[in-house]
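Undergrad: What follows is a predicted structure for the sequence shown.
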Amino acid sequence: MKQSFYERIGESVYRETLQNGLQICVVPKSGFAKKYAFFATRYGGMDTRFCLNGNWLDTPAGIAHYLEHKMFDTKEGNALQELAKNGAEPNAFTSNAMTGYYFDSTDHFEENLEILLSFVSVPYFTEESVAKEQGIIGQEIRMIEDNPDWQIYTRMLKALYSQSPARTSIAGTVESISHITAETLYDCHKAFYTPSNMILTVVGDVDPIHVVDLARRILPKEGGAEILRDYGTEPKEVAEKETSLAMEVSSPQFLVGFKCRSVAEGEDYLRAAVIGDLACDILLGDSSPLYQRLYDQGLINTSFGGAYEMMPGIAYLYAGGDSKDARKVKEEICKEADRLVREGIDQEFYLRIKRAAFGSNLRGLDSFENVAVSLTEGYFHGYDPFRFPQVFESVTVEDVTAFLRDNIREEQAVLSEIVPKEA
Amino acid sequence: VEMTRKQLADGVYLTYLPARKFKTSILSAQFVTPLRQDTASAYALLPAVLRRGTVTYPDMGSLEAQLDKLYGARVDYTIRKKGENQCVGFVASCIDDSFVPGGEKLLESVANLLGELICDPITERGRFVPTYFETEKTNLIDAIRSLINDKRDYADSRLLREMCAGEAYAVPRLGDEAGAEKLQLRKLYAQYGELIATSRLELIYCGSASMERVERALHAAFSTLPRETIRETAAVRPHKGRQEVLYVTDHLDVTQGKLGMGFSCGSSDTAALLMGNTLFGGSSNSKLFMNVREKLSLCYYASSLYHRQKGLITVSSGIEFDNYQKAFDEIMAQLSAVQNGDLEDWELEGARSTLLNAYSSMNDSQGKLENFYLGQAATGQHETPEELAEQVRNVTPERIFRAMQTVELDTVYFLQGKETAE
């Protein structure tokens, strides 16, 4: 087992790769009662088209999320209840590119970890239990369809991308999930829930050797082959410039999205994330001149915010909130990016933002969930997230200017709006 | 985390929570005042206006620049409801001193900033800056209106308003739109003066600094805080059940119906009700989760919440419109099951460990500790999480059934779609 100590952030990570290809990371946290385990597969809402045993398969939208729901079923009953009996709080989520199962508990940690590893690695579906889930997930889909935040975000992605499966809703639709059968679920489990496609992360006051031994004992001895996925070929141009939907909301909301250049895996991925976040803060963060100007003009309020996101094959920067004049805000963002590129970013301002961003990254380490998810994403994309202080040092103001010049342009922007329904 | 509570001045209390394991320190300053329909919006607006600027940092730009310099320290204004009290103020957080490159000390600077935001706002001719007031007033009205955007929160809030009509608990934390519309610049400044002089100030610190250092920093930061006769905070007054169940239906253009049910609790056995509620709908092991969701597939979520600081239970669920009666019947059937002790041992022990786990992991989150101790202080309760855990450990099944038998349906709220509105 390899131990790395990260002096600048006061953290250690123990890493081990098992024979079957499973990556294990343990982050010891002394003084904490809570122990957190996160078991994830590199398989998410985007992975609907893939190659299994030489054949390309097209699976229904929402299948990774459906599988996540059904994994809790076991031959003996339900793993949620098994974990809850020990006071553990289990749950799971499916994002575009991963599915993660987790729990936190203060007692019976190893027993709970054993349950987690078992139910995620051993599928148990029947046609009846698969059919039963249609009702539950159907209501989950109805719930998010009534949610303006979800609508506005999903519609922005559809406007940005014409080919990428980022267009597809992670949960699918009531129609698409009606095609899911026990057999397709077994196929997807077989393809993606192999130890060589997964990582286990444990955060808390635990013995790393016990974690590794337990994983070795419970999980399959062999890993599977690497699965090729098809994410389509995304053109440079956006799919549509504007999209709007009327809903039962109190005031208009918007998101502006900028289609950015996609990024290579490895430490460059982390570097790109740091540059993208800094660019976002400098362009439109709480302490940027643009934010203050738009806030004073009443064009935005405290709901306004932005972020830079990356997914397999794509990257985008987006920002939004409530506004009475979303077009004007979009125009001002583009103008401000032009100005920053033309006049250059003030060096003092840049250093201040970098200092603040460093502090916020450091404070993120107090969240066990955040630590586990960062290590998982880092593993899937080939970088070490705990090297962020070094990466921060390597980034220059020119990197940020280049990012703004290449990505924040009117022709790469889309506008997604939700407007109140007429009474 | 060992808690020490100390009075620093007239109506000013410090809750000190020493911890070395975090990378962050937090410092919270909260005014606690009885929640009232006629002052709720004004008090909700105050921290937002104060957050706009101080004499030293008169605008957002200089204030944010100062926070950036303190390694991305944050100062968020908060407006919370704790029992029948409204708590308004700021929660500040910064990286703990041991991680600051160059060994700079941040606690004193952050405490000073908090003190200035509260005691030394930027003013014009003896009032708040008019543009700050106007913008934040508009934002407050928008925030009150936007409650409708999240239908689950909206339904939960509508249920409480109907169920507790006439009681302070029905007043939303931000007040209502009509109250916010009436706010005036001159009057707000007077209300500000009154709030900071006459209401209790709760200060909460969690981090690695010694108590002496924290006290010194706070004394310096709040040296100009005016203190007059301090108003009492509101104690816990349990909701009195209705004679006849109240049924309320709203219609909106939505695809999913929301069923909310409110129950009064006749018992004051808190530990037994905590357990009873967890068994009923408080975890993924509960009767509601296992039956309404897993067995009957009626919903994605169906859960219950025990309002410890008001003595009532609410149930929240999202369902197909047509399944209203089915869901209602099943929820009532599951309540009866808990009342009749129709439970297996593992359900009981599972609920107990869920609660114990929640109490013991509270010490691992500064945010949860701050929120918990503020709630305790605001409602005049003194148990630590460890003491609550001890009570839960000792509660017997008989006590749970007896307490749950006093739980009675009081109000039913249903958010319907528009098509069937005729």
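TA: Yes, it's here.

Undergrad: List the contacts of the closest residue to chain B within the stretch 51-200 of chain A.
TA: Using CB to the nearest CB, A:Gly87 is the residue of the stretch 51-200 of chain A that sits closest to chain B, at 2.6 Å. For glycine as for every other residue, the C-beta is placed from the backbone atoms N, C-alpha and C. The contact partners of A:Gly87, by CB atoms under 8 Å, 6 or more residues apart in numbering or on different chains, come to A:Ser105, A:Thr106, A:Asp107, A:His108, B:Gly350, B:Arg352, B:Ser353, B:Thr354, B:Leu355, B:Leu356, B:Asn357.

Undergrad: what about A:Ser394, neighbour count?
TA: 11 (other CB atoms under 10 Å in any protein chain shown).

Undergrad: and if you look at the one 10 residues further on?
TA: Taking other CB under 10 Å as the criterion, the count of residues near A:Leu404 is 23.

Undergrad: Please list all residues in contact with it.
TA: A:Ala279, A:Ile282, A:Leu283, A:Ala337, A:Leu340, A:Val341.

Undergrad: nearest residue to the residue of the stretch 51-200 of chain A closest to chain B other than its sequence neighbours?
TA: B:Ser353 (2.6 Å; CB to CB, 6 or more residues apart in numbering or on different chains).

Undergrad: Just to be sure, A:Ala264 is in a helix?
TA: No: checked against DSSP: H, G, I helix; E, B strand; the rest coil, A:Ala264 lies outside a helix; its state is coil.

Undergrad: Chain B: which of the contacts of A:Leu404 is nearest?
TA: Of the contacts of A:Leu404, the one sitting nearest to chain B (CB to the nearest CB) turns out to be A:Ile282, at 11.2 Å.

Undergrad: which SS class is that closest one?
TA: A:Ile282 - assigned by three-state DSSP - is helix.

Undergrad: what do you get for B:Lys258?
TA: Per three-state DSSP, B:Lys258 ends up strand.

Undergrad: if I look at it, how far off is A:Val263?
TA: The gap separating B:Lys258 from A:Val263 is 41 Å, by CB to CB, to the nearest Å.

Undergrad: More neighbours: which of these two?
TA: Using other CB under 10 Å as the criterion, B:Lys258 and A:Val263 rank with B:Lys258 on top: 27 against 19.

Undergrad: Now do the more buried one, the pLDDT please.
TA: For B:Lys258, the pLDDT comes out at 97.

Undergrad: which residues sit in contact with it?
TA: Going by CB under 8 Å, 6+ apart, B:Lys258 touches B:Lys151, B:Arg152, B:Tyr154, B:Ala155, B:Ser316, B:Ser317, B:Gly318, B:Ile319, B:Tyr413, B:Phe414, B:Leu415.

Undergrad: Which strand residues bridge it?
TA: Assessed by DSSP bridges, B:Lys258 has beta-bridge partners B:Gly318, B:Leu415.

Undergrad: on that earlier part again, now for the contacts of B:Lys258: which two are most distant?
TA: Spanning the widest gap among the contacts of B:Lys258 are B:Tyr154 and B:Ile319, at 15.5 Å by CB to CB.

Undergrad: Contacts only, for A:Phe5.
TA: A:Phe5 touches A:Glu11, A:Ser12, counting by CB under 8 Å, 6+ apart.

Undergrad: Tell me the first helix or strand C-terminal of the helix or strand harbouring it.
TA: Element membership of A:Phe5, judged by DSSP states H and E, is strand A:2-6. Later in the chain than strand A:2-6, the nearest helix or strand by DSSP H and E is strand A:11-17.

Undergrad: host element of the residue of the stretch 251-400 of chain B found nearest chain A?
TA: Residue of the stretch 251-400 of chain B nearest chain A, by CB to the nearest CB: B:Ser353 (2.6 Å). According to DSSP H and E, B:Ser353 maps onto helix B:345-361.

Undergrad: can you give me the angle the next helix or strand after that helix makes with helix B:345-361?
TA: Downstream of helix B:345-361, the next assigned helix or strand under DSSP H and E is helix B:366-378. Interaxial angle of helix B:366-378 relative to helix B:345-361 (axes from the mean of the first three to the mean of the last three CA atoms, to 10 degrees): 90 degrees.

Undergrad: List of residues touching helix B:366-378?
TA: A:366, B:1, B:3, B:5, B:13, B:15, B:17, B:19, B:22, B:24-26, B:28, B:30, B:32, B:80, B:82-83, B:85, B:87, B:91, B:93, B:202, B:204, B:206-207, B:233, B:309, B:362-363, B:381-383, B:385.

Undergrad: got the end-to-end distance for stretch B:115-131?
TA: 23 Å (CA to CA, to the nearest Å).

Undergrad: list the buried ones in that stretch?
TA: B:Gly115, B:Glu116, B:Leu117, B:Ile118, B:Cys119, B:Pro121, B:Ile122, B:Arg127, B:Phe128, B:Val129 (16 or more other CB atoms under 10 Å in any protein chain shown).

Undergrad: Could you report the separation of the nearest residue to the second one once chain neighbours are set aside from A:Arg355?
TA: Okay, so that is B:Glu116. Once flanking residues are discounted, B:Glu116 sits nearest to B:Thr54: 4.2 Å by CB to CB, 6+ apart. Distance, B:Thr54 to A:Arg355, using CB to CB: 21 Å.

Undergrad: Extract the C-alpha trace of stretch B:264-271 and format it as PDB.
TA: The C-alpha trace of stretch B:264-271 is given here as PDB (Å, rounded to 0.1, in the frame of the first residue of the first chain):
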ATOM      1  CA  SER B 264     -50.500  17.500  16.800                       C
ATOM      2  CA  CYS B 265     -48.600  15.800  19.600                       C
ATOM      3  CA  GLY B 266     -50.300  15.600  23.000                       C
ATOM      4  CA  SER B 267     -47.200  14.200  24.700                       C
ATOM      5  CA  SER B 268     -44.200  16.200  25.800                       C
ATOM      6  CA  ASP B 269     -41.900  13.100  25.900                       C
ATOM      7  CA  THR B 270     -39.400  14.500  23.400                       C
ATOM      8  CA  ALA B 271     -37.200  11.400  23.200                       C
END
